[in-house]
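Novice: okay, sequence plus prediction incoming.
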Amino acid sequence: MFSNRAVLFYCDLSGHTSPPADLPKSLKVARKRSLAELEPEDSQQIIDVGNPKLVHRRMEERFAKGASLWLIKFEDRLAGYGWTLQGRVIAPYYFPLAEDDVQFFDFHVFAKYRGRAIDWFLMTHILQRVAADGAARAFAEAGEWNRASLSSIAATSFRRLGWARKLTIFQHTIVFWAENDMVRQVEEHACPKWPLAAPGGNTSDISRSVP
Ligand SMILES: CC(C)(COP(=O)(O)OP(=O)(O)OC[C@H]1O[C@@H](n2cnc3c(N)ncnc32)[C@H](O)[C@@H]1OP(=O)(O)O)[C@@H](O)C(=O)NCCC(=O)NCCS
């Protein structure tokens, strides 16, 4: 019933005011806002990462919620992708997000392209693009076990926020925090009247944050 312990990351986008830096010539990033915008071979490659029916349905749901899918191509071949959603969460989350907050989730680099910092290029590029569009803060997470993802996120401008585990039961999500000092400050910005955790406590019920 518990999720694995996750490491949560936060990036203050006010420091990302310059336009996106040029990517190396071999890399291209494209933002997609619907399934119809995807080349059939790209969507097929993404769908084949998991259970095709499930991934397809999940993609439709994400686009319907207003999520963006970012593709990164190496020499015109799809090398990886990642999702972002602004102002709301895609699934029960650890805390409420403000309108100008962006959640980064489900990043993937195809096996033959791993270890070349493709994930870093993609996340860094997206951070600059969403900052240029007016977003204020970005959030990301990785399973505590996921060394590759942790290492890749830590190399970007994301900073570690803390460790947490969540449990969703009867539509209520309970969050267990391992470290939450910075989280409190971040959450107050999103919802000042609703502290993330009771003073002195290390759990919170965030069920009201889920749309
Ligand atoms: C996590 C992931 C996106 C990282 O992408 P990436 O472009 O390979 O990232 P990097 O090149 O920055 O490599 C990250 C780390 O993984 C290591 N690594 C992972 N697979 C590797 C491979 N096949 N070859 C070489 N290095 C690899 C790198 O050495 C690096 O570790 P280091 O910083 O200690 O040297 C990718 O491994 C992946 O898609 N994993 C499966 C999906 C997943 O776990 N997504 C994240 C959670 S949503």
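Specialist: Nice, I can see it.

Novice: show me what counts as buried in the biggest helix by length in the chain.
Specialist: When the chain is parsed with DSSP state H, its longest helix is helix 118-132. For helix 118-132, burial by neighbour count (16 or more other C-beta atoms under 10 Å) applies to 118-131. Glycine gets a C-beta too; all of them are placed from N, C-alpha and C.

Novice: same deal with stretch 21-35?
Specialist: So stretch 21-35, judged by 16+ other C-beta under 10 Å, has buried residues 27, 29, 32.

Novice: helix/strand/coil for the second one?
Specialist: The one in question is V29. Following DSSP: H, G, I helix; E, B strand; the rest coil, we place V29 in the strand state.

Novice: what's near enough to touch it?
Specialist: Contacts for V29 (C-beta atoms under 8 Å, 6 or more residues apart in numbering) come out as 23, 70-73, 121-122, 125-126.

Novice: and the least confident of these?
Specialist: Among the contacts of V29, L23 has the lowest pLDDT, at 88.

Novice: and the gap between the closest residue to the ligand within the chain and L27?
Specialist: Residue of the chain nearest the ligand, by C-beta to the nearest ligand atom: G115 (2.2 Å). Noted for G115: a distance of 15 Å to L27, by C-beta to C-beta, to the nearest Å.

Novice: then A21?
Specialist: Distance from A21 to L27, counting by C-beta to C-beta: 11 Å.

Novice: next: D133.
Specialist: D133 is 20 Å from L27, by C-beta to C-beta.

Novice: again with A135
Specialist: 22 Å.

Novice: what do you get for A148?
Specialist: In this structure, A148 and L27 are 19 Å apart, going by C-beta to C-beta.

Novice: ok, now R58?
Specialist: Using C-beta to C-beta, R58 is found at 26 Å from L27.

Novice: assign the residue nearest the centre of the chain to helix, strand or coil.
Specialist: Central residue of the chain (C-alpha atoms, centre = their mean): F104, 1.5 Å from the mean position. Put simply, F104 is strand when judged by three-state DSSP.

Novice: thank you kindly, that will do.
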